[in-house]
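1. from the sequence below, what's the structure:
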Amino acid sequence: MTRTQRLLTLLQILKENRYPITAEALSTKLQVSIRSIYRDIDALRNQGAEITGEAGIGYQLKAGLLLPPLTFDETELEALILGLRWVKSNADTELKNSALRAISKINAVVAGQAQKILNQNTLFAPTTHFYEINDEIAKDLRLSLRKECKAQMIYMDGQNQSSERIIWPIAIGYMKDSQVLAAWCELRESYRHFRLDRIQSYRALENKLPYPKNYLLERWRKEVLCMPTDNF
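-> Numbers count the residues shown, from 1 in each chain. Now for the predicted structure:
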């Protein structure tokens, strides 16, 4: 088998084992040298796999966000690269760096014609002229969305009036010239939209949302999506 196939097989073996498995056992399963197993473990770690353990003890794959082996056709690869290039050109620093790592990971596991598509792709996403966003605020905002928890923020509205708010974050929209947070605002007791460049400070709280985020998102779609936005 090719090295790419071996890496995917190794990943699958680690995923299926609940307990650490030694490099010797892995080398027997894959019919390669123990030294090759060590190199393969390092390669998988460099690609983002959380593998615990060390030589002489055994290795184990930690549970996490790990995609199973996938294959893409040419158009799917072009769509992936175009989307990642848009993020690289338009998002905050953390997302830009994540897009670059994602492109590198895809490039590391494809071969032949697929790799040619990646390296010679001529679909590009121009930079959108967003208002400047604070990287730490953007990072904390995504954290509150993932954890489905409330957040406390200080917001400057279109009349330069500052207010402190407790919100239930729902979604982020990337508009033509701004990034917008949709949320339920406890101060206004209704759904509101907030431009990220006007958020002065933002802190994810320990308090969980009172309703599942999917429920709030669906209510927002029904009640607000087709209405004019405020607080812009």
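2. so where do the helices sit in this structure?
-> Counting by DSSP state H, one finds helices in the chain at the ranges 3-16, 23-30, 34-46, 74-90, 93-109, 113-119, 135-147, 213-223.
3. show me what the third one is packed up against.
-> This means helix 34-46. The contact analysis (3 or more CB pairs under 8 Å, 6 or more residues apart in numbering; DSSP states H and E) places helix 34-46 against helix 3-16, helix 23-30, strand 51-54. (Glycine included, C-beta is placed from N, CA and C.)
4. rounded mean pLDDT for the shortest one, please.
-> Averaged across strand 51-54, the pLDDT comes to 86.
5. give the buried residues for that strand.
-> By neighbour count with 16 or more other CB atoms under 10 Å, strand 51-54 contains the buried residues 51, 53.
6. let's have the helices of the chain in JSON lines, adding distance to residue 62, mean neighbour count and mean pLDDT.
-> Putting these into JSON lines (distance: least, CB to CB, whole Å; neighbours: other CB atoms under 10 Å; pLDDT from 0 to 100) gives the following:
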{"stretch": "helix 3-16", "distance to residue 62": "10", "mean neighbour count": "16", "mean pLDDT": "84"}
{"stretch": "helix 23-30", "distance to residue 62": "17", "mean neighbour count": "17", "mean pLDDT": "93"}
{"stretch": "helix 34-46", "distance to residue 62": "11", "mean neighbour count": "16", "mean pLDDT": "90"}
{"stretch": "helix 74-90", "distance to residue 62": "25", "mean neighbour count": "16", "mean pLDDT": "88"}
{"stretch": "helix 93-109", "distance to residue 62": "17", "mean neighbour count": "15", "mean pLDDT": "83"}
{"stretch": "helix 113-119", "distance to residue 62": "28", "mean neighbour count": "14", "mean pLDDT": "73"}
{"stretch": "helix 135-147", "distance to residue 62": "18", "mean neighbour count": "17", "mean pLDDT": "93"}
{"stretch": "helix 213-223", "distance to residue 62": "25", "mean neighbour count": "14", "mean pLDDT": "90"}
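7. please compute how far the lengthiest strand in the chain lies from its chain's middle.
-> Longest strand of the chain, by residue count under DSSP state E: strand 162-174. Taking CA atoms, centre = their mean, to the nearest Å, one finds the center of strand 162-174 at 20 Å from the center of the full chain.
8. which residues sit against that strand?
-> 90, 128, 130, 141-142, 144-145, 150-157, 179-187, 191-192, 194, 196, 200, 205, 209-210, 213, 216-217, 220 (CB atoms under 8 Å, 6 or more residues apart in numbering).
9. could you do stretch 120-136 as well?
-> Contacts of stretch 120-136 (CB under 8 Å, 6+ apart): 77-78, 81-83, 85-86, 88-90, 92-94, 174, 176-179, 195-197, 199.
10. one more time with 7 Å, if that's ok
-> With contact meaning CB atoms under 7 Å, 6 or more residues apart in numbering, stretch 120-136 is reached by 78, 81-82, 85-86, 89-90, 92-94, 176-179, 196-197.
11. next: stretch 81-88.
-> 95, 96, 99, 100, 102, 103, 118, 121, 123, 124, 125.
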